[in-house]
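Visitor: A structural model of the following input is requested.
(2 chains)
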Amino acid sequence: MKGIIFRGLEELVVKTHDITVWEKLMEKHAPAERVYVSAKNYPDDELFALAQEVAVVVDKPLSDILRTFGEFLFAYLTQKHGEILVQFEDFSSLIMGIDTVIHAEVAKLYHEPNLPQIHCEKIDERNILMFYRSNRKLCFCAEGLINGAASYYQMNISIDHQKCMHEGEQECTLLLTFEEKEHGKINR
Amino acid sequence: MEKSTDEYYRAYLREKQARDELEHILEEKTRELYQSNKALEEKVVQLQNQQAVLMQTEKMATLGTLSAGVAHEINNPLAYVMSNLESLNYVKPAINELLVIAKNVLDGKLSPEELKVELHRLNQQQSFDFLLSDIDELLDDAQEGLKRIGAIVKNLLSFARPKNNLLAMGDIRESLESAIKLLHNQLKSTHLICHIQPIPLSYCNLAALNQVFVNLLLNAQQACEGNAQKAEIVVELYREQDNIYLSVEDNGCGMSEQTIAHIFEPFFTTKPVGQGTGMGMAIVYGIIIEHQGLITIKSTQGSGSKILCELPILTEPLSNL
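Guide: Next up, the predicted model:
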């Protein structure tokens, strides 16, 4: 897993809790000399252990922690690589461009052989069906990232996680239903 | 205690900012590197395309050199094929008449006695013995001549066809023999000695190697032009351990050290302006390297040159099977 993801988690923990909480997590789950650098690779298990520990500290299920982290991560990545978003005119085009644009940009900066496979089908102006497949099974984090993107574009969103790899499926199926915030609450 | 925590936090923020700045620099450099790499990849593709065009141009230029000889090679058999066909035209009336007689016999229009008379008359006009031996000879020779023309055209086509980068298991000997046949006219005033041994099949591009052999043989022949002594070219093809060796040795003018140093450079030529593209040996070198081989030159000015190509015997990659 790329260091930028660890750095996002570090930022989230330091902002929402304290530097000492992060230090404790690091002491427990990372090698003594560890300093996360965005472009470097670190073991996936290290991220999972840190996230698991955060779930214990805040007493919430891991899936919720990953959603929260995903949402925060979107804002963190936007702050670092805002120029990528210029290519999208709205939320819908961003979601449809995850594989072709965002992952292509990721490949330019980081050599990441384990990017998730994301395929999207636009059903209509308000609905997109997303298929997510990854050995890491970070679909809840993906949900958080989608929420983060919706928030960035001032959209109300609802995610129906219809099929999940955690339940033995080959891939996750997520139905995204969205509309601009001024239209009020989403009626599904 | 609180003060020290504050100081610790400030130090953390400073360290984080340092990381951010360094990462920003790294990302900018990575992006630049990515873009430069992409531009380089595009250039490589462009160069590969240009190289293919250059190779074909050089081939066409060589074809220009060969054309007079090839025309002569075709002209000889063509002349006797035409002459034989003309001779066959002379015997055509006799055969026609024979057929008419045969038809009349079948239709009952001629009695056996009349048939005998007619045949005697015809035999006196055109000896049947002569016809029997001559027609066979005329047809056999014409057929042989057309086969020769066919072989020349086939060799010419296999040389002129654009290199299709098709690598396959092939017999390099075939490619060499085709080149020698193609250059038959160019080499006829040269004493050509061939020591061609059977060699195993190798994973290669026969069309490309054909171009190598044509270029090497033409260079050798041109090096011998204007020689006081009888021009001699020795071609050897043999296998030694895991390699196939091809050498072309001539007793021509030889090369200077400076020529040897630059011989594989594109557009380097010792020929007068307008003759030769200067790409011949550069292409030979490229093709030999493509076949994971080596090429070495031994030359003495005034005595001659020997070009040795060492080609490893390659097997078809497993991914192709």
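
Visitor: C-alpha from now on. contacts and neighbour counts both.
Guide: Fine.

Visitor: which SSE is the closest residue to chain A within the stretch 51-200 of chain B in?
Guide: Closest residue of the stretch 51-200 of chain B to chain A, Cα to the nearest Cα: residue B:51 (29.3 Å). If you go by DSSP states H and E, residue B:51 is part of helix B:2-106.

Visitor: After that helix, which helix or strand is next?
Guide: Downstream of helix B:2-106, the next assigned helix or strand under DSSP H and E is helix B:112-125.

Visitor: Show me what that following helix is packed up against.
Guide: helix B:2-106 (3 or more Cα pairs under 8 Å, 6 or more residues apart in numbering or on different chains; DSSP states H and E).

Visitor: Just the buried residues of stretch A:152-165, please?
Guide: For stretch A:152-165, burial by neighbour count (16 or more other Cα atoms under 10 Å in any protein chain shown) applies to A:153, A:155-159, A:161, A:163-165.

Visitor: And stretch A:82-100, by the same measure?
Guide: Quick answer for stretch A:82-100 (16+ other Cα under 10 Å): A:90-92, A:94-99.

Visitor: hang on, the earlier thing: show the average pLDDT along the helix holding residue B:51.
Guide: Helix B:2-106 comes out with an average pLDDT of 85.

Visitor: Could you pull up the residues touching the residue positioned nearest the centre of chain B?
Guide: Centroid-nearest residue in chain B, with Cα atoms, centre = their mean: residue B:210, separated by 2.9 Å. Neighbouring residues of residue B:210 by Cα atoms under 8 Å, 6 or more residues apart in numbering or on different chains: B:159, B:175-176, B:178-179.

Visitor: The helix or strand harbouring it vs helix B:2-106, what angle?
Guide: Taking DSSP H and E as the definition, residue B:210 sits inside helix B:206-224. Angle of helix B:206-224 versus helix B:2-106, following axes from the mean of the first three to the mean of the last three Cα atoms, to 10 degrees, is 80 degrees.

Visitor: ok now helix B:206-224, how far from the chain's centre?
Guide: Computed by Cα atoms, centre = their mean, to the nearest Å, the chain-centroid distance of helix B:206-224 equals 8 Å.

Visitor: so how far is residue B:188 from the closest residue to residue B:63 other than its chain neighbours?
Guide: Excluding the flanking residues, the one nearest residue B:63 by Cα to Cα, 6 or more residues apart in numbering or on different chains is residue B:160, at 7.3 Å. Going from residue B:160 to residue B:188 by Cα to Cα, to the nearest Å gives 22 Å.

Visitor: got it, and residue B:294?
Guide: Relative to residue B:188, and taking Cα to Cα, residue B:294 is found at 29 Å.

Visitor: who's more crowded, the two?
Guide: residue B:294 (15 against 11; other Cα atoms under 10 Å in any protein chain shown).

Visitor: What's the per-residue pLDDT of that one here?
Guide: At residue B:294, the model reports a pLDDT of 94.

Visitor: give me phi/psi at it?
Guide: Here is the backbone geometry of residue B:294 (degrees, to the nearest 10): phi -130, psi 150.

Visitor: for the one 10 residues further on, same thing?
Guide: Dihedral angles phi and psi of residue B:304 (degrees, to the nearest 10) take the values phi 130, psi -180.

Visitor: burial count for it?
Guide: Neighbours around residue B:304, by other Cα under 10 Å: 20.

Visitor: how about it, what does it touch?
Guide: Counting by Cα under 8 Å, 6+ apart, residue B:304 touches B:223, B:249-255.

Visitor: Looking at those, which are in helices?
Guide: In helices, judged by DSSP state H, the following of the contacts of residue B:304 are found: residue B:223.

Visitor: okay, among the contacts of residue B:304, which ones form the most distant pair?
Guide: B:249 and B:255 (12.6 Å; Cα to Cα).

Visitor: In terms of neighbours, single out the busier of the two.
Guide: Higher neighbour count among residue B:249 and residue B:255: residue B:249, with 24 against 21, using other Cα under 10 Å.

Visitor: Which residue is the nearest non-sequential neighbour of that one?
Guide: The nearest residue in space to residue B:249 (Cα to Cα, 6+ apart) is residue B:306, at 4.1 Å.

Visitor: and what of residue B:263?
Guide: Closest to residue B:263 by Cα to Cα, 6+ apart is residue B:281, at 6.4 Å.

Visitor: From chain A, how far off is the one you found?
Guide: Applying Cα to the nearest Cα, to the nearest Å, the value for residue B:281 to chain A is 40 Å.

Visitor: What residues does that residue make contact with?
Guide: B:215, B:263-266.

Visitor: Quick one: the strands in the stretch 201-321 of chain B, in order.
Guide: Assigned by DSSP state E, counting those that start in this stretch, the stretch 201-321 of chain B shows strands spanning B:202-204, B:232-240, B:243-250, B:294-300, B:304-312.

Visitor: Also chain A?
Guide: Per DSSP state E, chain A carries strands over the ranges A:117-124, A:127-133, A:155-163, A:172-180.

Visitor: Can you find the helix or strand of chain A with the lowest average pLDDT?
Guide: helix A:103-109 (a mean of 84; mean pLDDT, DSSP states H and E).

Visitor: That one: which residues count as buried?
Guide: Buried, per 16+ other Cα under 10 Å, within helix A:103-109: A:103, A:108-109.
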